[in-house]
Every structure is written in structure tokens, then in C-alpha cells.
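Colleague: what's the 3D shape of this:
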Amino acid sequence: MGNYSYKFEKILGLKENEKHDAQARYGEAVKAFEIAAEELYRLLKKKEDLHALQQEKLVSGLSVSEIRHNQLFADNLENLISYSQQTVMKARENMNIWQNRLIEKNMEVKKYEKMKEKDFKKFKDHVKAIEKIEMDDVSIQTFLSKEN
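Modeller: Below is the predicted model:
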């Protein structure tokens, strides 16, 4: 059948490497987002627990120093939550960027694979046409040799 060689094979390989790189970076971005989101959840849970504890202690009575201490702790916790929310937003943005890049790279690879399929089909059709011509030539030669 002859040797088939796709003229854009190197480009396809490069696009596949870019796709794999984008997949890896997207995976890392998802992991970073999950870690940041889990930290935010932990802080929000801590805030909720603190609020419940303060409500309990208000019933039994609190000293002024305990109230100040709890308020300082709550303020610090709010700062941590605010920072954590920013981290989650940045991680989500980064994850979305890599997801879009992965989609883009995937489409590029598919485009080159489709081109390769069409090119290979064209190659096979060409080989079949040549084989048909050769078979016709053999048939004609055979017919002519039988007549002589």
C-alpha cells in the first residue's frame, strides 16, 4: 500500500503535548481551588461554632475580658475569612483560565486529527486507484497474451 506520512505530524504532536500540559495545569488549578475552598469552609465553620459558643456563654454570663477576647478572636477570624475568600476567587479564576485553555487545546488537537483522517482517506483512495489501474494493466496484458 505504500508508506503513509502525514505532513502535519509534528504539529499534531506539538498540539498533543500542549493539550497534555494544559490538562496537567488544569488538574493543579482544580486541586488548588479545592484546597482554598476547604480552608474557607473550615474558617466559616469555625466562625459558626464561635457564634454558637458565644450564644451559650451569654446565657451563663461572660466577663468583660472574655467578651473582648471573643470579639478580638472573631475580628481576626473575619480577616482570615476575607483573605480566604479572595484566595478562593483567585483560585477559581485560575481554574477557569486553565479549563478554557484545555478546551482550546483539545479543539486544536481534534482539528489536526480530523485533517489527518481526511488526508489518510485521500491517501488510501489514491492507492486504491493506482492498484485498480495496475490490475487493469495486468488484465489487458493477460488478455493480449492469450490472443497471441
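Colleague: average model confidence for the lengthiest helix in the chain?
Modeller: If you go by DSSP state H, the chain has its longest helix at helix 64-147. In this model, helix 64-147 carries a mean pLDDT of 93.
Colleague: list the helices and strands it packs on?
Modeller: Under the contact definition 3 or more Cβ pairs under 8 Å, 6 or more residues apart in numbering; DSSP states H and E, helix 64-147 sits against helix 9-60. For glycine as for every other residue, the C-beta is placed from the backbone atoms N, C-alpha and C.
Colleague: now do the helix it packs on: distance to the chain's middle.
Modeller: 16 Å (Cα atoms, centre = their mean, to the nearest Å).
Colleague: what of stretch 127-139?
Modeller: 48 Å.
Colleague: before we move on, what about stretch 96-114?
Modeller: On Cα atoms, centre = their mean, the centre of stretch 96-114 falls 9 Å from that of its chain.
Colleague: list the buried residues of that stretch.
Modeller: 98, 101, 102, 105, 108, 109, 112 (16 or more other Cβ atoms under 10 Å).
Colleague: isn't residue 4 right next to residue 121, touching?
Modeller: No: contact between residue 4 and residue 121 fails when scored by Cβ atoms under 8 Å: they sit 10.7 Å apart.
Colleague: from residue 44, how far off is the closest residue in space to residue 47 that isn't next to it in sequence?
Modeller: Nearest-residue entry for residue 47: residue 77, 5.4 Å, with adjacent residues in sequence omitted and distances by Cβ to Cβ, 6 or more residues apart in numbering. Counting by Cβ to Cβ, to the nearest Å, the gap from residue 77 to residue 44 is 9 Å.
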